[in-house]
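Enquirer: Quick one: sequence plus predicted model below, questions after.
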Amino acid sequence: MRALSDLAGAYPNLDDKARLAAARGAWVTAATDEAKRQAEAGPPTSLPPVTVEAGGVTYALYGVIHGIVGGESKAYRDFVRDGVAALERPVMENGIRHLYPNDAVEEIPDFAVLGIVGALWMGLLVAIQYPLLLWELARELLRKESPDAAFELESGVLYHGLDHEVRRALGPDGELPSGLSIDLEMRRWDASTVKARLADPSALVPRSLYMAGYAAGSASRRDAERLSLVIGDRHTSEIAVFLTDPEWSRHPLFQRGRRFGALPDGRRRARFAAVKIGHLLLMTLPFTAILIPTLMLFQWWRYQSMPPL
């Protein structure tokens, strides 16, 4: 199933929300079974890309698990770091270079997709969820590696021996197939309403579209025949679609990314810095508005709880 319209025929007696839930459940079950079958071939010996061709350029997409501190096992992190370090002038999703370094990285400002409303909303969510994010960071830092098959399949080197579309279904989130995700999330995004932006704070699929455009622009600027991209694996299948389907190359988000990626080096770096600083400042506003009063309230409570001298 590649579009929401396909679900109506598959689940005719359900409403839209129930159809999505049923489709997700069926997909996760089928993909998990397929993942187990593919895993019988064993883990890869080196980080394999998903390769697509568009406009005379070969794009090698290296989708990786990154989380907050990288993958969830040392073996996985070392495996990916070795693979990424060997790449020649890769283009990376923003933030990944700090987890998986390379000496000649070009970063994509995919956060630019969020805009003012998205950045403010993201900052508010971070402020509200701050204790949970600290807990998640501690969990990732302290998590013990597990030798069981499920861990290896979802978080180990074996993960990269699986088809990139199958990988989407693994883990607690169980993502929909890329075709359905693209149809669902881009319909919502193209509604261009504040409600649509708030409903999709991470803008995963729109950021995939922007990154695809950026890759095309970067390849054009370099006059490259081959370009390596290192992105969060959630984006891999979507970027492959956006690069190879000419219809998406006309979308405003693709064109925005392409223009940015095509900028000369000096202008691109300066603009990247300006956009990132602006994005971080916008995110800081709601975060500070919640965090400072919370700390002041805590200090007041401590003062009130102190015994009198």
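Expert: Happy to help now that I have it. Numbering: from 1, shown residues only.

Enquirer: can you give me the strands in the stretch 151-300 of the chain?
Expert: Counting by DSSP state E, counting those that start in this stretch, the stretch 151-300 of the chain has strands at residues 226-232.

Enquirer: residue ranges for the helices of it, please.
Expert: Listed in chain order, the helices of the stretch 151-300 of the chain (DSSP state H, counting those that start in this stretch) span 164-167, 178-190, 194-199, 204-222, 236-244, 252-261, 265-305.

Enquirer: what's the angle from the fourth one to helix 252-261?
Expert: So that's helix 204-222. Using axes from the mean of the first three to the mean of the last three Cα atoms, to 10 degrees, the direction of helix 204-222 lies 40 degrees away from that of helix 252-261.

Enquirer: and helix 204-222, which residues are buried?
Expert: Neighbour counts using 16 or more other Cβ atoms under 10 Å place 204-219, 221-222 of helix 204-222 among the buried residues. All C-beta spots, glycine's among them, are computed from the backbone N, C-alpha and C.

Enquirer: likewise the second one?
Expert: Going by neighbour count (16+ other Cβ under 10 Å), the buried part of helix 178-190 is 178, 179, 180, 181, 182, 183, 184, 185, 186, 188, 189.

Enquirer: which one of those sits closest to residue 91?
Expert: Nearest to residue 91 out of the buried residues of helix 178-190 is residue 178 (Cβ to Cβ; 20.1 Å).

Enquirer: Tell me the spacing between the residue nearest to that closest one when sequence neighbours are not counted and residue 165.
Expert: Distance criterion Cβ to Cβ, 6 or more residues apart in numbering; nearest residue to residue 178, sequence neighbours excluded, is residue 237 at 3.7 Å. Separation of residue 237 from residue 165 (Cβ to Cβ, to the nearest Å) stands at 5 Å.

Enquirer: So for those two, which sits in the more crowded spot?
Expert: Here residue 237 and residue 165 are set side by side on neighbour count (other Cβ atoms under 10 Å), and the busier one is residue 237, at 25 against 18.

Enquirer: The more buried one contacts residue 169, correct?
Expert: No. Using Cβ atoms under 8 Å, residue 237 is not in contact with residue 169; the gap is 11.1 Å.

Enquirer: Beta-bridge partners for the residue nearest the centre of the chain, please?
Expert: Nearest to the geometric centre of the chain sits residue 232, at 4.5 Å (Cα atoms, centre = their mean). Beta-bridge partners of residue 232, counted by DSSP bridges, are residue 64.

Enquirer: hang on, it packs against residue 96?
Expert: Yes. Counting by Cβ under 8 Å, residue 96 is a contact partner of residue 232 at 7.2 Å.

Enquirer: Can you pull the residues that touch both of the two?
Expert: Counting by Cβ atoms under 8 Å, 6 or more residues apart in numbering, the contacts common to residue 232 and residue 96 are 64, 66.

Enquirer: By mean pLDDT, which helix or strand of this structure comes out lowest?
Expert: Every helix and strand of the chain was ranked by mean pLDDT, DSSP states H and E. The lowest is helix 130-142, at a mean of 59.

Enquirer: Please enumerate residues in contact with stretch 208-223?
Expert: With Cβ under 8 Å, 6+ apart, stretch 208-223 has contacts from 54-55, 57, 59, 89, 91, 93, 106, 108, 110, 112-113, 186, 224, 227, 229, 231, 235, 238-239, 242-243, 248-249, 251, 253-264.

Enquirer: so who does residue 176 touch?
Expert: Shown in contact with residue 176 (Cβ under 8 Å, 6+ apart): 20, 23, 24, 27, 168, 184.

Enquirer: again, only using 6 Å
Expert: residue 24 (Cβ atoms under 6 Å, 6 or more residues apart in numbering).

Enquirer: any idea how far it is from residue 165?
Expert: Applying Cβ to Cβ to residue 176 and residue 165 gives a distance of 11 Å.
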